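>>> Here is my input, please return the structure:
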Amino acid sequence: MQNKKNESKAIDRRSFLRKSAIAGAAFTSIGIEGSKIVQAKTQGNKSTKITSYFPFRVIEHSSIDDILTIQPDYKRMHQKNTIFSRSAWDPEMGFGDGKGTVASFMAVPHMIPDAIAVGKEKGWGPVEQALSDAAVFSHNAGTGFSAMGMRNAGPFCDWDVFAHPHTKEKYQFKSPEEANKYIKRAVQFLGASDVGIAPYDQRWIYSHWFNIAPIMGIDIENVKKPIQEVETEAKFPFEVKSVIVTVHRMDHESLMTPGYIMNSSTMDGYSKMAEVGAKVAMFLNSLGYKAIPAGNDTGLSVPTALQAGLGESSRMGLLVHPKFGPAVRIEKIYTDLEIAPDKPITFGVKEFCKKCMKCADECPSNAISREIEPTPAPNNPSISSHPGVTKWYQDNEKCIEQWEKMGYGCGICLAVCPYNKPENWVHDVAKLAVGMPVGRDIARILDDSFGYGKLDPDKVDKFWNDED
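Numbers count the residues shown, from 1 in each chain. Sure, this is the predicted structure:
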């Protein structure tokens, strides 16, 4: 047994060295080009600033309008039209037979095939289901259905509490810049993987808020005063001056593992959002400031995170963080504290996405755009697409159909993305190839050589047996 274990390790070492050699060759081929990029950008637009977020060269921009083309006829989105909300009222989403989006997200037992439900397939056993139940506990107990877009739906996002602090006298920071430093340090201490500050921008707030609970008869536990109106014009109970945006890293190995384990990574992210959002709101309340924690509710998360300097948009439509890639969950905390905002950033994601196509190739429902360039509107118009910003648009209906087939929230695009890597030097070299123009042509090949993005049932055993 020991000999087999040693033999396995020897094979792993040979495999590691072979892949390292490939990575080294890529590193050599892109090293010279990297210095050219920095020089060219430094001599370019004075509104930009070069910073370093190894292994990427990150460019800071003055405004989100420098990195996104927003059309003159852009209109704020009605939350009723989001793909989650439509499950409560739109017959096309199929909720009438109990198989709509909300049902899939809740992993309603009858949606899961019998062979899977009884644990005959790897990843769908009672232990894996228990892991998923535990991972989502804080979200369900603290924020009700925030993941489905419901606001003010639990004690961790209670507007009546956090928008009315008991501390009446506000602590006065010396400047908005000082507030930025203290707030960000506190937020990271309280559990966020990363944090940025965005200016309040009404363009990213839903024009109307929508509540699925009264329509669907959802009885939310731990909610003293559940919102009863179905939809209302979006209006905060105080003047919002800043938005604190947090990202929460999802576990890399579980993302690569099919079944309830992959789902657990998502659910754990939502629980972390709930916990940290409530703690940050309490921190602000204790300083005398009002706050509203929001997960998938209240406003659009991706453009707000872009404004906060936490990443760049991608072909998938998701935020790509320079360190954690797309495998993050986003929380927003709206506050009346004036905080100096961070700068939007770019680090080559758009240019890489034009060539890579890996997420589109691997998407089982063909929901991800294959257009080379971003477009101002989708080719397949849908009320859930929200046109008006030049980006890659997804087919939301096809995406959610895949959720229903799987019985839980699909994350294949997250898993296969070349920006989603574990942390070690070889993978940093692979990331470096992604970040350099001359390396982008070989970056996906390099990524494939490491075997990334393969959802393999055998990884279930590896997940439970890996001691590292």
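
>>> hey, let's count contacts and neighbours off CA atoms from now on
Will do.

>>> burial count for Pro91?
Here the neighbour count serves as a burial measure; for Pro91 (other Cα atoms under 10 Å) it reads 12.

>>> try Gly295
Other residues within reach of Gly295 by the criterion other Cα under 10 Å amount to 28.

>>> The one 3 residues further on too?
Under the neighbour criterion other Cα under 10 Å, Thr298 is assigned a count of 27.

>>> In contact with it, which residues?
Contacts of Thr298 were listed using Cα atoms under 8 Å, 6 or more residues apart in numbering, and they are 149, 151, 205-206, 209, 234.

>>> And the residues you listed, which of them are buried?
Neighbour counting with 16 or more other Cα atoms under 10 Å marks 149, 151, 205-206, 209, 234 as buried within these.

>>> Out of those residues, which two sit at the greatest distance?
For those, with distances taken as Cα to Cα, the pair at the greatest spread is Gly149 and Ala234 (13.6 Å).

>>> so where's the chain shaky on pLDDT?
For the chain, residues meeting the criterion pLDDT under 70 lie at 1-55, 94-120, 215-229, 422-454, 467-468.

>>> How is it divided into domains?
Domain assignment for the chain, taken from automatic domain parsing, gives 2-60+420-465, 66-416.

>>> just those domains: most buried one?
Sort the domains of the chain by mean neighbour count, taking mean count of other Cα atoms under 10 Å, and domain 66-416 sits at the top with a mean of 20.

>>> what about that domain, start to end distance?
Using Cα to Cα, to the nearest Å, the end-to-end distance of domain 66-416 comes to 29 Å.

>>> Please compute how far it lies from its chain's middle.
Distance of domain 66-416 from its chain centroid, counting by Cα atoms, centre = their mean, to the nearest Å, is 7 Å.

>>> beta partners of Ala291?
On DSSP bridges, the residues paired with Ala291 through beta bridges are Thr335.

>>> Identify the residues contacting it.
Taking Cα under 8 Å, 6+ apart, one finds 159, 162-163, 281, 284-285, 333-336 in contact with Ala291.

>>> Show residues contacting the helix or strand where Lys181 lies.
Taking DSSP states H and E as the definition, Lys181 sits inside helix 176-189. When contacts are defined by Cα under 8 Å, 6+ apart, helix 176-189 is touched by residues 173, 194-197, 246, 276, 280, 338-341.

>>> elements contacting the next helix or strand after it?
The helix or strand immediately downstream of helix 176-189 is strand 194-199, counting by DSSP H and E. With contacts defined as 3 or more Cα pairs under 8 Å, 6 or more residues apart in numbering; DSSP states H and E, the secondary structure elements packing on strand 194-199 are helix 176-189, strand 242-249, helix 301-307.

>>> Need those in TSV (columns: distance to Ser62).
Shown next, in TSV, are these (distance: least, Cα to Cα, whole Å):
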stretch	distance to Ser62
helix 176-189	16
strand 242-249	16
helix 301-307	10
